[in-house]
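# Could you work out the structure for the sequence below:
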Amino acid sequence: MKKILVLCTGNSCRSQIAHGYLQHIGLDKVEVYSAGIETHGVNPMAIATMKNDGIDISNHTSNNIAEYQHIEFDYVISVCDNAKERCPIFPGKAIKLHHNFPDPAKAKGNEQEIENEFKRVREMIKDYCRHFIKENIE
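Reported below is the predicted structural model:
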């Protein structure tokens, strides 16, 4: 079983969405964790947008990277530039990957426009996660 850490700034949106998809797509082949350089709580819109795609992340928590320093990860995936720049050094063999996704929590507009941005980013993250699992886990 491969251990994967998804890292972003606040562990509220992008890393939570990626965590949900990696766990869902990877099933029993992966053990997924997500964390942030800071903790901002899980964004309710991230929970809602994932629920709309059939994945429940309502039990996820916002965790700080320091909580996982003792775990030897196989992969550390940063999903925003800020986290990549501030990511601590992980001892061991962790392969570091990076993809900067837009932050849907910064979306402006009416409720529908914000929901559309969450969905757009969710689909980008889903595609990335499918590709990652296919290329690295299966």
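# Poorly predicted segments of the protein, please.
When residues are selected by pLDDT under 70, those of the chain lie in 82-92.
# Let me see the contact set for the residue nearest the centre of it.
For the chain, Ser15 is the residue whose C-alpha lies nearest the centre (CA atoms, centre = their mean; 2.0 Å). By CB atoms under 8 Å, 6 or more residues apart in numbering, the contact set of Ser15 is Val6, Leu7, Cys8, Ser34, Ala35, Gly36, Val79, Ala83. C-betas here are computed from N, CA, C, even on glycine.
# my read is it is in a strand, agree?
No: Ser15 is assigned helix when assessed by DSSP: H, G, I helix; E, B strand; the rest coil, not a strand.
# neighbouring contacts of stretch 66-79?
With contacts defined as CB under 8 Å, 6+ apart, stretch 66-79 is touched by 2-8, 14-15, 18, 33, 35, 84, 87-88, 90-101, 125, 132, 136.
# If you go by neighbour count, which of those residues are buried?
2-8, 14-15, 18, 33, 35, 84, 87, 90, 94, 97, 99, 101, 125, 132, 136 (16 or more other CB atoms under 10 Å).
# Can you show me the strands along the protein?
Using DSSP state E, the strands of the chain run over 2-8, 30-36, 75-78, 95-98.
# now for the first one, which elements pack on it?
Applying 3 or more CB pairs under 8 Å, 6 or more residues apart in numbering; DSSP states H and E, we find strand 2-8 packed against helix 14-26, strand 30-36, strand 75-78, helix 81-86.
# Switch the ones you listed over to CSV; also include distance to Ala66.
As requested, the helices and strands packed on strand 2-8 are exported to CSV (distance: least, CB to CB, whole Å):
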stretch, distance to Ala66
helix 14-26, 15
strand 30-36, 8
strand 75-78, 14
helix 81-86, 12
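# Alright, that wraps it up for me.
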